[in-house]
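Colleague: build me a model:
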Amino acid sequence: MQNLRKIQVALVAITIAAVAPFLNKAFHVDDPLFLWMAHQIVKHPLDPYGFNVNWSSFAQPMSVVMQNPPLCSYYTAAIAAFFGWSELVLHLAFLFWAIISVLGTFAVARRFCREPLLVALFTLFTPVFLVSATSVMCDVMMFAFWVWALEFWFAGLDRQQRWRFFVSAVLISGAALTKYFGIALVPLLVIHTLVRDRRRAINLAFLLIPLAVLSNYEFVTEEKYGRGLLTAAMAVSSSVSSATRPSHLAQLLMGLAFTGGCFIGTLFFARLRSGTVFLGTVLTFVVFTVAFKFLIVSWVYLDTSEAPVWLEGGFFATMGGGILAFPVMNFVRQRDADALLLLLWVLGTFAFATFFNWSITARTFLPMAPAVAILTIQHSERLQDGSWLKYSALSLAAASSMLIGLADYRQADCARAAAWSYEQRYGSEASKVQFLGHWGFQYYMEQWNAKPFDRSNPKIAHGEIVIGPFGDPNVNKVQVDRVSMRDESKFNSLPLISTSSLGSGASFYSSFGGPLPWVINKIPPERYYAVITK
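Modeller: Predicted structure coming up:
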């Protein structure tokens, strides 16, 4: 027990050390949506979606724009109401969920392999976890509920203590009210329980609790906002994906590439111990690389060299294929309830993230991180790798993930730096300023009362100032008759590596911006413009 406490304390310390360098990270991507909802909750606790937001260059109800449930924003509101809304305060608040997630992963992994510490650290140092842990979005919070719900359910099966099933059901409810995908735990645990021990099927009744919670949530939101927000989110995801999705083959290829990029650390644990496996891997890489070049890169906008994109795409997709093969081979080898759980956990998450979400986003792959880590460490244990080899591989995984996290940090900071720069120049004329672009840039521009451009009224009055990033799709909708001054500013992110730079091929947060979660390439600077009309 004493040794267990020491390991847990070490995990807490390592998690803090890993996330601490990013505590001042600028609010980025969808962070503003969660923050604005938290502001609303502070003022109107029972009406989290009851306001309009200009997120796509025209005003819409928040209930239409926000496709996530409100529990994460309630947590943010509770923290910010007492300690403030600064980046440092809120990132510290969300560090709690990263710590809980790593501890939960360690607890679950103790049931599957001999070295759960390695599993927990491997999960921490996957790019998808580390980057997500530096945001104030809902993903890591849902992840924490997810792993602890699993742990309490497993403990309930082991010890036949019904209160543990109840706690698990409450945690699943929390996961589903943080991010809708959390409800996927219900079918996962139903199948696992029936395969493991049908005599315990009576305990499945506890899983009616999260179903009832989500059903009531649907009913309440329909009464309050005119439509159930769970089914509305499903409809939006389906309509957006069906209208924008490429061929199923291209979608599969990008899903594999996102899998490989999100879990790049598996590369350092890989061992190609036979000529046949090596030859098969090389052949797969060649096929995926060619497919990536002609099926995907040909229609993606790039502002830099395309060769690194399709080469890395082929490499990541090859890795992704290997990661998906892990649970299949493990199930064929073991054919038990645990192996089936890992198989469904990985393949189910992959299928949803690749084919059913509104676009392919790295964050949607996050729930499968512990399963990938367990399978990776199990494989290393079967190969009887020495401790020095395992921890060397973990060190390389940690270094690569920290570098990717730093790239995302710098990318976020470009938008904050741009907004602050324009505030210095035009802050005294804020009433005349309209801006394009959203994500963190929108958040920081609105901090000094600049107004978002409204494409329903695109005419710009004389003497007004228009500011925005190059590449915004609404630029061509701005009607400017005469220009008295125009300037351009550039903000450099991390050289050579990016998670979401326009034209680089990398788009960690949505495949609409690129086919890879991150890329090593020549990264173009972030370009912004300011136009003053006559």
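Colleague: so Ala257 is in which element?
Modeller: Using DSSP states H and E, Ala257 maps to helix 248-262.
Colleague: packing partners for that helix?
Modeller: If contacts are counted by 3 or more CB pairs under 8 Å, 6 or more residues apart in numbering; DSSP states H and E, helix 248-262 sits against helix 127-132, helix 275-291, helix 307-334. To be clear about C-beta, it is placed using only N, CA and C from the backbone, and glycine gets the same treatment.
Colleague: secondary structure class for Ile264?
Modeller: coil (DSSP: H, G, I helix; E, B strand; the rest coil).
Colleague: quick one, which of the helices and strands packed on helix 248-262 is packed in tightest?
Modeller: helix 127-132 (a mean of 28; mean count of other CB atoms under 10 Å).
Colleague: so what does it touch, helix or strand wise?
Modeller: Packing partners of helix 127-132 (3+ CB pairs under 8 Å, 6+ apart): helix 139-159, helix 248-262, helix 387-426.
Colleague: and the angle for the shortest one with helix 307-334?
Modeller: When axes from the mean of the first three to the mean of the last three CA atoms, to 10 degrees is applied, the directions of helix 248-262 and helix 307-334 differ by 90 degrees.
Colleague: quick one: mean pLDDT for helix 248-262?
Modeller: Mean pLDDT, helix 248-262: 94.
Colleague: dump it to PDB, restricted to CA.
Modeller: Extracted C-alpha coordinates of helix 248-262, given in PDB (Å, rounded to 0.1, in the frame of the first residue of the first chain):
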ATOM      1  CA  HIS A 248     -15.100   6.600 -47.500                       C
ATOM      2  CA  LEU A 249     -11.600   5.400 -48.500                       C
ATOM      3  CA  ALA A 250     -10.200   8.900 -48.100                       C
ATOM      4  CA  GLN A 251     -12.000   9.200 -44.700                       C
ATOM      5  CA  LEU A 252     -10.600   5.900 -43.600                       C
ATOM      6  CA  LEU A 253      -7.100   7.000 -44.600                       C
ATOM      7  CA  MET A 254      -7.300  10.200 -42.700                       C
ATOM      8  CA  GLY A 255      -8.700   8.400 -39.700                       C
ATOM      9  CA  LEU A 256      -5.700   6.000 -39.700                       C
ATOM     10  CA  ALA A 257      -3.400   9.000 -40.100                       C
ATOM     11  CA  PHE A 258      -5.000  10.800 -37.100                       C
ATOM     12  CA  THR A 259      -4.700   7.600 -35.100                       C
ATOM     13  CA  GLY A 260      -1.000   7.200 -35.800                       C
ATOM     14  CA  GLY A 261      -0.300  10.900 -35.200                       C
ATOM     15  CA  CYS A 262      -2.300  11.000 -31.900                       C
END
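Colleague: run the chain-centre distance for that helix.
Modeller: Remark: helix 248-262 is offset 15 Å from the chain centroid, using CA atoms, centre = their mean, to the nearest Å.
Colleague: list the buried residues of it.
Modeller: Residues of helix 248-262 classed as buried under the neighbour-count rule (16 or more other CB atoms under 10 Å) are 250-262.
Colleague: do the same with the longest one
Modeller: When burial is assessed from 16+ other CB under 10 Å, helix 387-426 yields the following buried residues: 390, 393-394, 396-398, 400-402, 404-420, 422-423, 426.
Colleague: before I go, just wanted to say thanks for your time.
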